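K.L.:
here's a sequence, model it:
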Amino acid sequence: MFSILFIYYIVTLLYLIIQYRKDDRNIIMKILIGLFCPLIGLLLLYFMFHQKKDEKHYLPDDLIKKGEETSEILSRVDVEKETNIVPVRDALLLNDNQTKRRVLMNILKNETSNKIDILQTALQNEDTETSHYAATAIQDTKGQLLKSIQQLEYEVERFPNELERLASYANVIKQYVNTGFLDDRTRKQYLYQYLQLLENMIELAPREKEYYVEIINCALELEELERAETYSHAFLKYCGAEEEAYFSSMKLYYKLKNQSKFHEILQMLRDSPVKLSPQGLNKIRFWLHGDKNGY
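P.N.:
Alright, predicted model coming up:
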């Protein structure tokens, strides 16, 4: 009997060493099971900490798979597919440093101007190499966007009434402002430029709701409250069938703490034929009940 136990403990020790090198999670529990469950310990360890090969295909992609080495995970990653399934921000927050770098490097191989939020998240990462990659990418992106701004500025001066060029110019400026690392004066300068472009775009396309949403938000950020109110009225006039028109006005009056105007717009929304989306209902609940002062 002693010889059987001796062989069991030798085999268990070797098994635990191998498993520790693959995955050091739950190692204390594994040791205790191996020590205090003689003979059946190996079976318990196998069934508790291993997944059957066929099961891995049925697990959600955003769950961490036990018992798999990091290298195996990385070899299976298709970044374009994975970023559609698992939020990249979560990948940068939850994974080990090697995986974070791998995910970020794959992102940097592609166009990064539409991934500024991801890069900003990576910039705050505790892994210095990951944050360095992100900072370098943001600076490169800013350089590319500045070149685009200069080119589009020249084109818009030549063709000031072409809506498509104006929209492209405004979009590039918005991306540049969102890169961060701009001092307050420079940021304000570009926001005013963005505001002016949006005014020109609305003049050419007065029924485009996205332009109104953008210009009202921009005017509020710049504390241009009269402009925000002017375009809120225009938004309601030209896009009265859109819930966003009412919410933009309500947002303005909520910020101004003008209860009478806020409830006036709310009543207009109630009297309108607009069918609210779930997001719209949540906004109203927040504005009506979310503030500690009841407003």
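
K.L.:
residue ranges with poor pLDDT in the stretch 1-150 of the chain?
P.N.:
Applying pLDDT under 70 to the stretch 1-150 of the chain flags the ranges 1-2, 4-6, 8-9, 16, 19-27, 29-30, 32-127, 129-130, 133.

K.L.:
any buried residues in the longest helix seen in the chain, and which?
P.N.:
If you go by DSSP state H, the chain has its longest helix at helix 128-158. By neighbour count on 16 or more other Cβ atoms under 10 Å, the buried set for helix 128-158 is 130-131, 133-134, 137-138, 141-142, 144-145, 148-149, 152, 156. Bear in mind the C-beta positions are built from the backbone N, C-alpha and C, glycine included.

K.L.:
same deal with stretch 242-262?
P.N.:
The neighbour-count check on stretch 242-262 (16+ other Cβ under 10 Å) flags 242-254, 261-262 as buried.

K.L.:
returning to what we had before: name the helices or strands packed onto the longest helix of the chain?
P.N.:
Under the contact criterion of 3 or more Cβ pairs under 8 Å, 6 or more residues apart in numbering; DSSP states H and E, helix 128-158 touches helix 97-108, helix 116-123, helix 163-178.

K.L.:
residues in contact with the last one: which ones?
P.N.:
Meaning helix 163-178. 113-114, 116-117, 142, 145-146, 148-149, 152-153, 155-156, 159-160, 182, 187, 190-191, 193-194, 197-198, 200-201, 204-205, 214 (Cβ atoms under 8 Å, 6 or more residues apart in numbering).

K.L.:
how about that helix, which residues are buried there?
P.N.:
166-177.

K.L.:
now that helix: average pLDDT?
P.N.:
Here helix 163-178 scores 94 as its mean pLDDT.

K.L.:
continuing past that helix, what's the next helix or strand?
P.N.:
Once the chain leaves helix 163-178, the next helix or strand it forms, by DSSP states H and E, is helix 184-204.

K.L.:
contacting residues around Gly240?
P.N.:
Neighbouring residues of Gly240 by Cβ under 8 Å, 6+ apart: Ser272.

K.L.:
actually Met250, not the one I wrote
P.N.:
Residues near Met250 by Cβ under 8 Å, 6+ apart: 262, 265-266, 269, 283, 287.

K.L.:
make it 6 Å
P.N.:
262, 265 (Cβ atoms under 6 Å, 6 or more residues apart in numbering).

K.L.:
for Leu145, same thing?
P.N.:
Contacts here follow Cβ under 6 Å, 6+ apart; on that basis Leu145 touches 172, 175-176.

K.L.:
repeat the analysis, applying 10 Å as the threshold.
P.N.:
Listed by Cβ atoms under 10 Å, 6 or more residues apart in numbering, the contact partners of Leu145 are 113, 116, 172-179.

K.L.:
burial measure for the closest residue to Pro160 other than its chain neighbours, as a count.
P.N.:
Spatial nearest neighbour of Pro160, chain neighbours left out: Asn200 (7.4 Å); criterion: Cβ to Cβ, 6 or more residues apart in numbering. Residue crowding around Asn200 was assessed by other Cβ atoms under 10 Å; the count is 17.

K.L.:
so Asn200 touches Phe159, yeah?
P.N.:
No - contact between Asn200 and Phe159 fails when scored by Cβ atoms under 10 Å: they sit 11.7 Å apart.

K.L.:
where's His263 relative to Ser249, distance?
P.N.:
To Ser249, His263 is 11 Å away according to Cβ to Cβ, to the nearest Å.

K.L.:
neighbours of Leu266, just the number please.
P.N.:
By other Cβ under 10 Å, 18 other residues sit near Leu266.

K.L.:
specify the local secondary structure of it.
P.N.:
helix (DSSP: H, G, I helix; E, B strand; the rest coil).

K.L.:
OK, contacts around it?
P.N.:
Counting by Cβ under 10 Å, 6+ apart, Leu266 makes contact with 246-247, 249-250, 253, 284, 287-288.

K.L.:
what do you get for Val213?
P.N.:
By Cβ under 10 Å, 6+ apart, the contact set of Val213 is 198, 231, 235, 239, 242, 244-245, 247-248, 251.

K.L.:
one more time with 7 Å, if that's ok
P.N.:
244, 248 (Cβ atoms under 7 Å, 6 or more residues apart in numbering).

K.L.:
secondary structure element for it?
P.N.:
Going by DSSP H and E, Val213 is in helix 209-221.

K.L.:
so for that helix, mean pLDDT?
P.N.:
Mean pLDDT, helix 209-221: 96.
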